[in-house]
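Q: What shape does this take:
(one chain, ligands or ions: 2)
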Amino acid sequence: MGDQANNRKQVVVIGGGISGLSAAYYVRKALADAGTDADITIVEKTGAFGGKIRTLHRDGFVIEQGPDSFLARKLPIIELTRDLGLEGELTGTNPKANKTYIVHKGKLHRMPKGLSLGVPTDLEPFLETDLLSLQGKARALMDFVLPKREETTDESIGGFFERRFGGELLRNLAEPILAGIYAGDTYKLSLQATFPQFQQLEREHGSLMKATMAAKLNPPVPSPVSEVIPAEHRSSVFLTYRKGLVTLLDGLRGALEGVRNVQAAVTGLSRQEGRYKLTLDGGEALDADAVIAALPSHGLAPLFGGFPQSDWLGAMDNVSVANVILAFDKDRLDHPLDGSGFVLPRTEGRFITACTWTSSKWLHTAPEGKALIRCYVGRSGEQDWMELTDEEIVTRVRRDIFELMGVKAEPLFVEVTRLLRSMPQYAVGHPDRIAGLRDRLASDYPGAFVTGAAFEGVGIPDCIRQAKDAANAAASYLGTDDKVRK
Ligand SMILES: Cc1cc2nc3c(=O)[nH]c(=O)nc-3n(C[C@H](O)[C@H](O)[C@H](O)COP(=O)(O)OP(=O)(O)OC[C@H]3O[C@@H](n4cnc5c(N)ncnc54)[C@H](O)[C@@H]3O)c2cc1C
Ligand SMILES: CC1=C(CCC(=O)O)c2cc3nc(cc4[nH]c(cc5[nH]c(cc1n2)c(C)c5CCC(=O)O)c(CCC(=O)O)c4C)C(CCC(=O)O)=C3C
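A: Numbering: from 1, shown residues only. Ligands and ions are numbered 1, 2, ... in the order given. Below is the predicted model of the structure:
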């Protein structure tokens, strides 16, 4: 290590999560396309690649200990899947498990048809739902007539929903769905950074309900790339791989043969004579001509500290969550699992925040006769769970699924996974802070690029898209450097 005596350019990718692996994959591709000779190194602090993505194969079950799937309409992951020759592995959700529930006053209620990320797009089922009071519904319908907000600045998701639909719809319907994605506090989360389409729709049409109802009359033309997806899964909103998300990691690792791996934590980054010096926790150092840092905000903060435009990295909240998997014999389970699961409003005061009926939603995840349930624990403002032992966590999870679903059967096994500081919170003003940081990096850290879930999208497809952008920027930086040897 540290022995980089040859004159080839050095690219170092910091972090071996999906962002870092994708960055390494695409920088290699871009350099090859440009005919630029360079060595690529990935520095990952743990012994394993994949970061938050972790699949466990146990007793015939396919268990996701982190993310479990991705949005099919987001093309960067579909393109990567095709590039890696993995499209045959794609699988969609069980079309029969299309029912979703929301807990209200301690009971599961069907989510009204046509609810799109909390916005009602179908009037009849919305008017019939028990999830809102008459007053709450009347207030939500004000969206039809309320004028649009004049300012074009950022605002919170909660503020936006409360303004257009009222607090009851926000609390009972929108918050539990939206927070499922971010484990966040809707009054802190940035609308522009999370659901910019809502701000766009309001600006163009005023009423969101009017706009979404009109949009249903003109559905978008399906993208041609979707033909990559096996025909029987093309209508699935979410996709994964038959053997789990590990398939994508293995595919990337296979394609990255020849890329050097260093197991270490990068503890410092400095610029010296037009190159970078990375210090590692073992005391060694690495030199680099270009650096792509694909780390959570708290990993980036010590590397890019010391100027006001990067202060937010250290201050950014990353919420801790736990994932609790319970496996059962189906015939001992006192519930039909007739849907994909349920979400819980904060006002219900439960320990779990959501529950997925994994083996109903994803048929590949459990062997014949077995069932898999996944419970989500922790969100912004609900971090006390971290003090509990695994045993205490399981006890509380089981109390919730008993009281809400009547499940009292003894699980075959449970798996508790703690994902500490794993859910980045995009606070109001996030897009401006990113722009400020990128400007400063471009002037003071040429050749260094930051990417990952801390920036423009937490979903796996967005991580891949951002990593590809960073990789192309790094390759073109090296390509325009006249010292590069061809
Ligand atoms: C519980 C949960 C469920 C989710 N569900 C979904 C889902 O269903 N669908 C979806 O699309 N997205 C989901 N997400 C989001 C998605 O999983 C993440 O946003 C994404 O995996 C982040 O990838 P990353 O590579 O940017 O970061 P990470 O996965 O955090 O990778 C960063 C890597 O950097 C390493 N590292 C950190 N510091 C250093 C250092 N100083 N030096 C060297 N290495 C370092 C870490 O060990 C890690 O391997 C979920 C997230 C969580 C937490
Ligand atoms: C953990 C979790 C739960 C709780 C556990 C569980 O329930 O399993 C949950 C619940 C729900 N999520 C729901 C709906 C949606 N979730 C979306 C997008 C996403 N959710 C995610 C995570 C979760 N979501 C993620 C990581 C994304 C992709 C982010 C990205 O990549 O950016 C999108 C956007 C689609 C688009 O943008 O096209 C929609 C419409 C509904 C309502 C269903 C109905 O309508 O019947 C419910 C109950």
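Q: just the CA coordinates of stretch 217-230, formatted as PDB?
A: In PDB, the C-alpha atoms belonging to stretch 217-230 read as follows (Å, rounded to 0.1, in the frame of the first residue of the first chain):
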ATOM      1  CA  LEU A 217     -56.500  11.200 -18.200                       C
ATOM      2  CA  ASN A 218     -53.200  11.500 -20.000                       C
ATOM      3  CA  PRO A 219     -50.900   8.800 -18.600                       C
ATOM      4  CA  PRO A 220     -47.300   9.100 -19.600                       C
ATOM      5  CA  VAL A 221     -45.900   7.000 -22.500                       C
ATOM      6  CA  PRO A 222     -44.100   4.000 -21.000                       C
ATOM      7  CA  SER A 223     -40.300   4.200 -21.400                       C
ATOM      8  CA  PRO A 224     -38.800   1.800 -24.000                       C
ATOM      9  CA  VAL A 225     -36.200   0.600 -21.500                       C
ATOM     10  CA  SER A 226     -38.900  -1.100 -19.400                       C
ATOM     11  CA  GLU A 227     -38.700  -3.900 -21.900                       C
ATOM     12  CA  VAL A 228     -35.600  -5.000 -20.100                       C
ATOM     13  CA  ILE A 229     -37.900  -6.000 -17.200                       C
ATOM     14  CA  PRO A 230     -39.300  -9.500 -17.600                       C
END
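Q: Quick check: the residue of the chain nearest ligand 2.
A: Gly459 (2.1 Å; CB to the nearest ligand atom). All C-beta spots, glycine's among them, are computed from the backbone N, C-alpha and C.
Q: Could you report the distance from that residue to ligand 1?
A: When distance is defined by CB to the nearest ligand atom, to the nearest Å, Gly459 is 4 Å away from ligand 1.
Q: Repeat that for Ala322.
A: Using CB to the nearest ligand atom, which is the criterion applied here, Ala322 is 8 Å from ligand 1.
Q: Okay, buried residues for stretch 344-363 please.
A: Residues of stretch 344-363 classed as buried under the neighbour-count rule (16 or more other CB atoms under 10 Å) are 344-346, 348, 350-362.
Q: Kindly report the same for stretch 60-67.
A: Applying 16+ other CB under 10 Å to stretch 60-67 flags Phe61, Val62, Ile63, Glu64, Gln65, Gly66, Pro67 as buried.
Q: picking up where we left off before, filter the buried residues of stretch 344-363 down to the ones in strands?
A: Of the positions in the buried residues of stretch 344-363, Ile352, Thr353, Ala354, Cys355, Thr356 sit in strands, assigned by DSSP state E.
Q: does the fourth one really touch Gly339, like I thought?
A: Yep, that's Cys355 we're talking about. No - at 10.6 Å, Cys355 and Gly339 do not qualify as touching, with contact defined as CB atoms under 8 Å.
Q: Tell me the helices and strands packed up against whichever helix in the chain runs longest.
A: Ranked by residue count and defined by DSSP state H, the top helix of the chain is helix 460-480. Here helix 460-480 is seen to pack against strand 9-14, helix 18-34, strand 70-71, helix 75-83, strand 290-294, strand 448-451 when contacts are counted using 3 or more CB pairs under 8 Å, 6 or more residues apart in numbering; DSSP states H and E.
Q: now these as TSV including mean pLDDT and distance to ligand 2?
A: What follows is those, written out as TSV (pLDDT from 0 to 100; distance: least, CB to the nearest ligand atom, whole Å):
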stretch	mean pLDDT	distance to ligand 2
strand 9-14	97	22
helix 18-34	97	12
strand 70-71	97	4
helix 75-83	96	9
strand 290-294	98	17
strand 448-451	98	16
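Q: Between the two ends of stretch 214-228, what distance do you get?
A: Chord length of stretch 214-228, first to last residue, is 30 Å (CA to CA, to the nearest Å).
Q: got the buried residues for it?
A: Buried-residue list, stretch 214-228, by 16+ other CB under 10 Å: Val228.
Q: again, but for stretch 28-38
A: Arg28, Lys29, Ala30, Leu31, Ala34, Thr36, Ala38.
Q: The fifth one against Ala474, yeah?
A: No - in this structure Ala34 lies outside contact range of Ala474 using CB under 8 Å: 11.2 Å.
Q: what residues does the chain put near ligand 2?
A: For the chain, the residues in contact with ligand 2 under the definition CB under 6 Å from any ligand atom are 71, 73-74, 100, 111, 115-117, 177, 180-181, 340-341, 343, 354, 356, 457, 459, 461-462.
Q: Kindly recompute the last result at 8 Å.
A: By CB under 8 Å from any ligand atom, the part of the chain that sits against ligand 2 consists of 67-71, 73-74, 98-102, 111, 115-117, 176-177, 180-181, 237-238, 340-343, 353-356, 358, 361, 374, 376, 457-462.
Q: Got a quick ChimeraX command for the buried subset of those residues?
A: The following ChimeraX selection, which keeps only the buried ones among those, applies the criterion 16+ other CB under 10 Å:
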select :67,68,69,70,74,100,101,102,111,115,117,176,177,180,238,340,341,342,343,353,354,355,356,358,361,374,376,457,458,459,460,461,462
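Q: now, which of the residues of the chain next to ligand 2 lie within helices?
A: Using DSSP H, the members of those that fall in helices are Pro176, Ile177, Gly180, Ile181, Thr358, Lys361, Ile460, Pro461, Asp462.
Q: residue ranges with poor pLDDT in this structure?
A: 1-6, 222-225, 481-486 (pLDDT under 70).
Q: again, 90 this time
A: Within the chain, the stretches with pLDDT under 90 are 1-7, 36-37, 47, 178-181, 213-228, 305-306, 334, 480-486.
Q: quick one, domains of it?
A: With automatic domain parsing serving as the domain definition, the record reports that the chain contains domains spanning 2-48+247-316+427-485, 114-217, 319-424.
Q: Measure how buried the nearest residue to Asp469 once chain neighbours are set aside is and give me the count.
A: Sequence neighbours aside, Thr451 is the residue nearest to Asp469 in space, at 7.4 Å (criterion: CB to CB, 6 or more residues apart in numbering). Counted by other CB atoms under 10 Å, the residues lying close to Thr451 total 28.
Q: Could you give the bridge partners of Thr451?
A: With DSSP bridges as the criterion, Thr451 is bridged to Ala294.
Q: Run through the residues that contact Pro446.
A: Contact partners of Pro446, counting by CB atoms under 8 Å, 6 or more residues apart in numbering, are Tyr477.
Q: Secondary structure element holding it?
A: Assessed by DSSP states H and E, Pro446 sits outside every helix and strand.
Q: what residues does stretch 258-275 touch?
A: Contacts made with stretch 258-275 from outside it, assessed by CB under 8 Å, 6+ apart, are listed as 1, 14, 16, 24, 28, 39-47, 276-282, 284, 286-289, 291, 293, 302-304, 444-445, 448.
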